[in-house]
Structures are given as C-alpha cells and as structure tokens.
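A.B. asks: all I have is the shape, not the residue letters:
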C-alpha cells in the first residue's frame, strides 16, 4: 500500500552513516538566531542568552506507534516532529531546535528515508525550528525514531502542570477524538485491503479525521494567541493520551479536583458521525482516544472575558477542591468519577 514497486531503491550501505546524514540533511536551513552551529560537527552549539530552556524527547516505534501500511513516510516524518513540539508548547514556550535519531532496517532504501526527512523538513519550515543534529543506526526490527525538541521561554511565562487552583476554568483548544476515529477508519480499510487488495478505499467522508491521525498539528498558534490575549494559564498540558488522562495529570500535580461537563466537550461533526457509524460513544472517544495534540489548560476566572468569544478555546469545566474528586458531569447531570483508560486500552 505504501511502496511503488517500480521506484528506485538505493541501498543505505552505499553511503555509510556520515554520508547518509549529510545526504538527508543537506537542504536543512538555519532559522533561529539561537542556533550558532547546527549539523556537521560533534555537537550543536546554541545560545539562548537570558531565556530558560525546555527540553523534551519522544520515541516512535514501528508497529507500536505507527503502521506503515497506511502511514506515508512523509507524514510520519512530519508527525514525529509535531509530537515533540506539542510538549514544548504545553510549557507555554517557543520551540527552537530539534534533534532526530533513527534506527532503520535494511528493508528501507535511501528513497524511503528521503521521504521521511522531507516530512521533517516541512515541519521544521512551517514551525520555524532548526534540525541541529541526531544519529542513524541499523535496526533488526523495523523503524525507530527518536526526536528531542528544545525551546526557550521567559521565566514569567513558564506554565507547569501544578498551578491549577480551585475555581479556575478548565479550557481546551480545538476539538477532540478525531485522531482516534481516523485511526479506526484506517485500521478498517487495512483489513478490507488484506481481503481484497484490488479494493480502493473511498475516504472522502473521513478526510478531517484521517488528517488528524496522519498529519497532526502542534498548537503553536495557541501559545501566541494566549500571549496576544494577555492570558497566562495557571497550568497546561498537551493531550497525547486522551482528555481524561491529562485532566487527571493536572489535578494530581496541582492537588485539586475537577468537574468536567460532558455537554461542553468540543467534537467535530465528522467525529460524531463516524462514532455513530462504528457504534462507539463519542464522549468515550474524546475522553480516552489520545493523539489529539490539543492544549488543555486552566485559567483564572478573571481571564474568562478575554477568551470567551474565541472559537479556538472552549471552557469545558472548572477546578474544585481536592476532596470533591475528579468527576465527569454527564448530560443527565450525574457525576461519574474520571478514570484514565488512555490510548492503549482502547486498542487492546
């Protein structure tokens, strides 16, 4: 499904490790003033002057985090950068550099890695980050990608997970559940393809949710928006494991409770219709689906007038005292304790 059988295949052995890195990164341009030296020496050299530095790392493993039967390599390269930038933005910081390391088996020709790195290059161009180093090695088990992202932030702007206070509002960017439902559609079409390889899937009804799975966008725009609105969240986290899991992280770190309103959770119409088609409850998907890479935050009530008319942000609940617990308020106005089922158990 992913490979054109007639495409050119250049063995990686022909280049060697340093030749491979040079070949894959030769078009990368420096965009950040803080990048003194990028790729090409023993280490990158960065100069952040008076800013604080944030650093985060993610690992993506074939058949655990991605399936190349429906994940194009260019999309995978793009997504690998996004999942790391999202963690930087969750600190209310500005992403500046990334390093990329890959372990790759001999079933991948040079042309496949060119596609992977083209996706990374596109992501770095759009988000204004420099790819300043990394490593390549061989793998016996397929493709493994490790990305480290670096960012800078003024001390006064840093937002941790542990700052939520009772009476703060719980706010989320964008909409939820789309990435998980996109995955369900892709998994279904993969099974159909196995039975009938000549069958061409018609995915027109699912374009939004499939894009949210294959090509997510980190919410750099929300960090800028909050700054423009003069709103500093009291706590913030990105939604990689599902809304319920991330709310629990915030509440435990901040030692508070929460009331999350089911009828306030933002859902795209395509998510709702696809959930109906799959006979899955849309609230369950929003709570436990994961990979949305939206930003979940708490803000002081006095900042509510600044955000209330903004289509990018939705108030979905409020913070309570710790002894009131962490609860979902259903449409029937009953309280259900929040539990962190998370991404993996939905796949089980």
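C.D. replies: Thanks, I have the structure now. Since the model is a prediction, treat every value here as computed from it, not as a measurement.
A.B. asks: tell me the secondary structure for residue 176?
C.D. replies: At residue 176 the chain is in coil, as set by DSSP: H, G, I helix; E, B strand; the rest coil.
A.B. asks: repeat for residue 27
C.D. replies: coil.
A.B. asks: that one - how many residues pack around it?
C.D. replies: Look at residue 27: counted by other C-beta atoms under 10 Å, it has 9 neighbours. Placement of C-beta: from N, CA and C, glycine included.
A.B. asks: what separation do you get for it and residue 75?
C.D. replies: To residue 75, residue 27 is 19 Å away according to C-beta to C-beta, to the nearest Å.
A.B. asks: give me the mean pLDDT for stretch 271-280.
C.D. replies: Stretch 271-280 carries an average pLDDT of 98.
A.B. asks: residues of it that come out buried?
C.D. replies: For stretch 271-280, a neighbour-count test (16 or more other C-beta atoms under 10 Å) marks 271, 274, 275, 280 as buried.
A.B. asks: stretch 69-82 too?
C.D. replies: 70-82.
A.B. asks: got it, and stretch 230-238?
C.D. replies: 231, 232, 233, 234, 235, 236, 237, 238.
A.B. asks: that older thread, nearest to residue 110, of the buried residues of stretch 271-280?
C.D. replies: residue 274 (37.5 Å; C-beta to C-beta).
A.B. asks: which helix or which strand is home to that closest one?
C.D. replies: Using DSSP states H and E, residue 274 sits within helix 269-278.
A.B. asks: do the same with residue 9
C.D. replies: Residue 9 belongs to no helix or strand, assigned by DSSP H and E.
A.B. asks: wait, doesn't it sit right on residue 106?
C.D. replies: No - Residue 9 is beyond contact range of residue 106, at 10.9 Å (criterion: C-beta atoms under 8 Å).
A.B. asks: could you pull out the helices for the stretch 201-348 of the chain?
C.D. replies: For the stretch 201-348 of the chain, the helices defined by DSSP state H, counting those that start in this stretch occupy 207-214, 220-228, 243-254, 269-278, 282-288, 304-307, 342-347.
A.B. asks: could you dump these to CSV with distance to residue 162?
C.D. replies: Listed next are these as CSV, based on distance: least, C-beta to C-beta, whole Å:
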stretch, distance to residue 162
helix 207-214, 29
helix 220-228, 18
helix 243-254, 4
helix 269-278, 31
helix 282-288, 22
helix 304-307, 22
helix 342-347, 21
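A.B. asks: which of those has the lowest mean pLDDT?
C.D. replies: helix 342-347 - the lowest mean pLDDT of those, at a mean of 44.
A.B. asks: residue 318 versus residue 287, what's the distance?
C.D. replies: Taking C-beta to C-beta, one finds residue 287 at 17 Å from residue 318.
A.B. asks: neighbour count for the two, which is higher?
C.D. replies: residue 287 (27 against 18).
A.B. asks: wait, that one sits on residue 246?
C.D. replies: No - applying C-beta under 8 Å, one finds residue 287 not in contact with residue 246, separated by 10.0 Å.
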